[in-house]
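Enquirer: Return atomic coordinates for the entry below.
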Amino acid sequence: MSDDDTTTPATTPAPLPEPASGPAPAPARKRGKRRAILATGLAVLVLGAVSGAAVYTKNTVDDADRTVTTELWAGSSHGTSGKDPAGDVSRGRASTELSKLLMPVPDGYRLGPDDGVHGNDSEVSGPEAAAEMKAANRGLAGKQRRELEKRIDKLHVRGVAVRTYTSDGNDLVLRTELVRMKDKKAVRDLYDFQTGLFDAIGVFRDGPSVNGHKKNAKCFLQPKDSEHKIESMYCMAYDGEMVLSFSASGPRPVRKSLVAGLVRDQLDHIKSPGEYV
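Expert: Here you go, the predicted model:
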């Protein structure tokens, strides 16, 4: 794969045809209205996240502290060994079943900027993750917020792990999020919903394919006419009980093939975590 891979714009699905005769049943109208409210609300959230990510990444690239990457284990205050019980945390922690499935920091990278209040290498329980997802929707109108909260409840999230990475040259910032669901159907439904939303918004460009994962991974690029000097790429994928969200931002043009390769490495790591060294 090369950065010259041809991409085509995402297209908005054609509207459903009107009934041949007679008014549509009331329940169908209500379902359509609910779907429209949900799609509109999520579109606002996604587009806002794109703009915010670009600004955030620019600040990271411009002002990155190249001397401190993460807080390492300092040992106890009683003179015992300073060895971190979680292993080499400079490559990411692997102290839980879920954190072991996050790709260790690859060569040429280090742990990246903090992701909100959780730092650059974190894990939260299912109930805590669901609560945070709902809290992020507080800016929506009441009906929109309730629709989103119902969808979140139906996901049955069991845990979420997040890790960020920054290239040693400070020209690429990556964020990986793994969400574990209760069942595989919920995983596929969330993946279909996420990718369908990006398609339906109609402004994102198709990104490169992920070798070996063309059926369970899809990438998008931010709108081509964006005024930002930072370009972002977003990938979604699923595997078993896991949904993967992967984002990358850097100065234009973002290195599409390199990012797609990292997504492939993360998906392969989920299948075969191997020995964490």
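
Enquirer: And the helices in this protein?
Expert: Remark: helices assigned in the chain by DSSP state H are 26-63, 126-135, 142-155, 184-201, 256-271.

Enquirer: In terms of secondary structure, what does the fourth one contact?
Expert: In other words, helix 184-201. If contacts are counted by 3 or more Cβ pairs under 8 Å, 6 or more residues apart in numbering; DSSP states H and E, helix 184-201 sits against helix 26-63, helix 142-155, strand 173-181, strand 217-221, strand 230-239, strand 242-251. Every C-beta, even on glycine, is put in place using the N, C-alpha and C of the backbone.

Enquirer: please redo it, this time with the cut-off set to 6 Å
Expert: strand 230-239, strand 242-251 (3 or more Cβ pairs under 6 Å, 6 or more residues apart in numbering; DSSP states H and E).

Enquirer: any chance of these in JSON lines, with mean neighbour count and distance to residue 106 too?
Expert: Below are these laid out as JSON lines (neighbours: other Cβ atoms under 10 Å; distance: least, Cβ to Cβ, whole Å):
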{"stretch": "strand 230-239", "mean neighbour count": "23", "distance to residue 106": "16"}
{"stretch": "strand 242-251", "mean neighbour count": "23", "distance to residue 106": "13"}
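
Enquirer: can you tell me which of the helices of the chain the model trusts least?
Expert: Looking at the helices of the chain, the lowest mean pLDDT belongs to helix 26-63 (a mean of 45).

Enquirer: just checking, residue 102 touches residue 163?
Expert: Yes. Counting by Cβ atoms under 6 Å, residue 102 does reach residue 163; the two are 4.7 Å apart.

Enquirer: and for the two, which residues touch both?
Expert: Common contact partners of residue 102 and residue 163 (Cβ atoms under 6 Å, 6 or more residues apart in numbering): residue 92.

Enquirer: Of all the helices and strands packed on helix 184-201, which one comes closest to residue 122?
Expert: Among the helices and strands packed on helix 184-201, the nearest to residue 122 by Cβ to Cβ is strand 242-251 (14.5 Å).

Enquirer: send the alpha carbons of the closest one over as CSV?
Expert: In CSV, the C-alpha atoms belonging to strand 242-251 read as follows (Å, rounded to 0.1, in the frame of the first residue of the first chain):
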residue,chain,number,x,y,z
MET,A,242,-13.7,-5.6,20.9
VAL,A,243,-14.4,-2.4,19.0
LEU,A,244,-11.4,-0.4,18.1
SER,A,245,-11.3,3.4,17.5
PHE,A,246,-8.1,4.8,16.1
SER,A,247,-7.3,8.4,15.3
ALA,A,248,-4.1,10.0,13.9
SER,A,249,-3.4,13.7,13.4
GLY,A,250,-0.3,15.5,12.0
PRO,A,251,0.8,18.2,9.5
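
Enquirer: ok, now how distant is the residue nearest to residue 213 when sequence neighbours are not counted from residue 200?
Expert: Closest residue to residue 213 apart from its sequence neighbours, by Cβ to Cβ, 6 or more residues apart in numbering: residue 267 at 5.3 Å. Per Cβ to Cβ, to the nearest Å, residue 267 is found 25 Å from residue 200.

Enquirer: Then residue 248?
Expert: 23 Å.

Enquirer: Over to residue 163?
Expert: With Cβ to Cβ as the criterion, residue 163 and residue 200 are 29 Å apart.

Enquirer: same question, residue 128
Expert: 30 Å.

Enquirer: Same question for residue 156.
Expert: 25 Å.

Enquirer: what's the answer for residue 142, then?
Expert: 23 Å.

Enquirer: the more surrounded of those two?
Expert: More neighbours surround residue 200 than the other of residue 142 and residue 200, with 15 against 7 (other Cβ atoms under 10 Å).

Enquirer: any idea how far the more buried one is from residue 153?
Expert: Relative to residue 153, and taking Cβ to Cβ, residue 200 is found at 23 Å.

Enquirer: So in terms of bridging, what pairs with residue 205?
Expert: For residue 205, the beta-bridge partners are residue 9, residue 221 (DSSP bridges).

Enquirer: Give the residue spans of the stretch 101-250 of the chain that score low on pLDDT.
Expert: 137, 226 (pLDDT under 70).

Enquirer: redo that, cut-off 80
Expert: Applying pLDDT under 80 to the stretch 101-250 of the chain flags the ranges 117, 133, 136-141, 144, 148, 151, 224-228.

Enquirer: Nothing else from me, thank you.
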